[in-house]
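[1] no sequence for this one, just the structure:
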């Protein structure tokens, strides 16, 4: 590592875990720590973030800024974690708290937008002006780039693709609606679908592994999941007309067993004459997409790249 190289602290807050890392300005992870949330309440989460970051901030690693990926809604201008459905956290001035703690600038954004920044700066969208990054994990969301700029909407909450209605009168979503994409294709939805088909309770990752091994019910479960994802992508394509759709998140890491269903779902909904050529790809950043994205976002906001 060049002693003059600028370093960034990245914080990835998930539904059940915390990942923190030190990255260089090329997006390489130099050091990282992972821990599970024992008590995902406001006070406990803040304390855990501080403790884990301080363990990385040694004489060897002195970051110049901090990027924070949060699940839920974010007020990026004021650095407020506005809402997280899994913990009840709301209106938390997280960047103020961490800026005072670390004495360096801190920047916050929701996880889907963070991942889109990472893909734009360090991933497969580097040479693309317009694309959408769709995260499918415990929840579903999207980050949208138009003309090389993040599109966040008038109220700064664009990209809530997880609440497109896919199945009429389908399963209840955490938002209170029924049949939302998130309810039908996020990890819990896949587990529920497989349980209703087989009577077995398995994680989405375990079901994907069974599908790879030729298990017929698991293959059908993942095929249906892929079809729903594809239907949502087709709807988005009819509106945004994008050349690239990037899929990330834990569920999307099983792209190989989702791909056929996705393609079938897209064909069902997309207006092909208006969308003659586009690519659907898994993220180039793997499971570290949020961590790398948090660093990319901090570098962007800190005008280091």
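    Now that the structure is in, tell me what you want to look at. What you see is a predicted model; the values in this text were computed from it and never measured.
[2] rest of the way, CA atoms for contacts and neighbours
    Noted.
[3] would you state the strands of this structure in chain order?
    Listed from the start of the chain, the chain has strands (DSSP state E) covering 7-13, 17-24, 29-36, 65-70, 73-75, 80-83, 90-92, 106-110, 131-136, 140-146, 149-151, 244-248, 279-282.
[4] state the distance from the nearest residue to residue 294 once chain neighbours are set aside to residue 107.
    In this structure, residue 294 finds its nearest non-sequential neighbour in residue 67, 4.6 Å apart by CA to CA, 6 or more residues apart in numbering. Using CA to CA, to the nearest Å, residue 67 is found at 5 Å from residue 107.
[5] same list (the strands of the chain) but as TSV, adding mean pLDDT.
    Converted to TSV, the strands of the chain look like this (pLDDT from 0 to 100):
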stretch	mean pLDDT
strand 7-13	97
strand 17-24	96
strand 29-36	96
strand 65-70	97
strand 73-75	91
strand 80-83	92
strand 90-92	93
strand 106-110	96
strand 131-136	97
strand 140-146	97
strand 149-151	97
strand 244-248	98
strand 279-282	97
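[6] reformat these as TSV; add distance to residue 191 and mean neighbour count.
    As requested, the strands of the chain are arranged in TSV below (distance: least, CA to CA, whole Å; neighbours: other CA atoms under 10 Å):
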stretch	distance to residue 191	mean neighbour count
strand 7-13	23	27
strand 17-24	20	22
strand 29-36	21	14
strand 65-70	24	28
strand 73-75	26	21
strand 80-83	25	20
strand 90-92	28	16
strand 106-110	25	26
strand 131-136	14	28
strand 140-146	15	23
strand 149-151	32	16
strand 244-248	18	23
strand 279-282	21	16
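[7] kindly reformat the ones you listed as JSON lines and extend each row with distance to residue 259.
    As requested, these are exported to JSON lines (distance: least, CA to CA, whole Å):
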{"stretch": "strand 7-13", "distance to residue 259": "27"}
{"stretch": "strand 17-24", "distance to residue 259": "28"}
{"stretch": "strand 29-36", "distance to residue 259": "29"}
{"stretch": "strand 65-70", "distance to residue 259": "27"}
{"stretch": "strand 73-75", "distance to residue 259": "29"}
{"stretch": "strand 80-83", "distance to residue 259": "32"}
{"stretch": "strand 90-92", "distance to residue 259": "36"}
{"stretch": "strand 106-110", "distance to residue 259": "26"}
{"stretch": "strand 131-136", "distance to residue 259": "14"}
{"stretch": "strand 140-146", "distance to residue 259": "17"}
{"stretch": "strand 149-151", "distance to residue 259": "26"}
{"stretch": "strand 244-248", "distance to residue 259": "11"}
{"stretch": "strand 279-282", "distance to residue 259": "9"}
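[8] relative to residue 159, which of these is closest?
    Evaluated over the strands of the chain, closeness to residue 159 peaks at strand 140-146, with 4.6 Å, by CA to CA.
[9] tilt between that closest one and strand 106-110?
    Interaxial angle, strand 140-146 versus strand 106-110 (axes from the mean of the first three to the mean of the last three CA atoms, to 10 degrees): 110 degrees.
[10] neighbouring contacts of strand 140-146?
    For strand 140-146, the external contacting residues (CA atoms under 8 Å, 6 or more residues apart in numbering) are 112-116, 129-135, 150-152, 158-162, 181-182, 186.
[11] next one: it to chain centre, how far?
    Computed by CA atoms, centre = their mean, to the nearest Å, the chain-centroid distance of strand 140-146 equals 9 Å.
[12] cool, and stretch 68-80?
    Between the mean C-alpha point of stretch 68-80 and the mean C-alpha point of its chain there is a distance of 13 Å (CA atoms, centre = their mean).
[13] do stretch 184-191 as well
    Averaged over its C-alpha atoms, stretch 184-191 has a centre that lies 15 Å from its chain's centre (CA atoms, centre = their mean).
[14] show me what counts as buried in it.
    By neighbour count on 16 or more other CA atoms under 10 Å, the buried set for stretch 184-191 is 184-191.
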